[in-house]
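> below: sequence and its predicted model.
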Amino acid sequence: MTLLENLWYGNIDPHETILTDSKRYKHLLSLMGRNRDELNETLNDKQQETLEKYDEAMNEMHSLAEVEAFSYGFRLGVRLMIEAGVTLAKETT
C-alpha cells in the first residue's frame, strides 16, 4: 500500500504518532484529567451539564484547529518539495 493509501485508510494518524511518545503530553493529559475529575465532583447537576457542553465545544474547536494545522503543514510541505525541485532543476541545467 502506498503512503497516500495508508493515510486515506486511516493507517497513519499523524496526531497520535507525534504525541503518543511525548512525556510532556502524557503528563498534561493526566493533569487535565485529574483536575477535571476533581472539579466535576464539586459541581451540581446543572453545572456538570454546562461543563460537558463546554468540553464538547472545546473538543470541536480543537478538532477544527488540528485539521487546519495538518492541512497547512501538508500544503507547506508540497510547496517546499516544488521549490526544491525547481532549485534542483536550475542547478542541473
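Good, I have the coordinates. Residues are numbered from 1 along each chain as shown.

> sketch out the low-pLDDT regions of this protein for me.
Along the chain, the parts satisfying pLDDT under 70 run over 14-20.

> now do the strands in it.
Using DSSP state E, no strands are found in the chain.

> what's the single longest helix in it?
As assigned by DSSP state H, the longest helix anywhere in the chain is helix 45-92.

> for that one, which helices and strands make contact with it?
For helix 45-92, the packing partners by 3 or more C-beta pairs under 8 Å, 6 or more residues apart in numbering; DSSP states H and E come out as helix 14-19, helix 23-42. C-beta here means a position set from N, CA and C on the backbone, and glycine is covered the same way.

> and that helix, how far out from the chain's middle?
Mean-position distance between helix 45-92 and its chain equals 7 Å (C-alpha atoms, centre = their mean, to the nearest Å).

> what do you get for stretch 33-50?
With C-alpha atoms, centre = their mean, you get 25 Å for stretch 33-50.

> and if you look at stretch 29-42?
For stretch 29-42, the distance to the chain centre is 22 Å (C-alpha atoms, centre = their mean).

> quick one: buried residues of it?
Buried residues in stretch 29-42, counting neighbours by 16 or more other C-beta atoms under 10 Å, are absent.

> which other residues reach that stretch?
Stretch 29-42 has contacts (C-beta atoms under 8 Å, 6 or more residues apart in numbering) with 48, 51.

> I'd say residue 1 and residue 11 touch.
Yes: checked against C-beta atoms under 8 Å, the pair residue 1 and residue 11 is within contact range at 7.4 Å.

> residue 82 and residue 88: what is the separation?
The gap separating residue 82 from residue 88 is 11 Å, by C-beta to C-beta, to the nearest Å.

> before we move on, what about residue 80?
Distance of residue 80 to residue 88, given as C-beta to C-beta: 12 Å.

> next one: residue 7
Distance, residue 7 to residue 88, using C-beta to C-beta: 25 Å.
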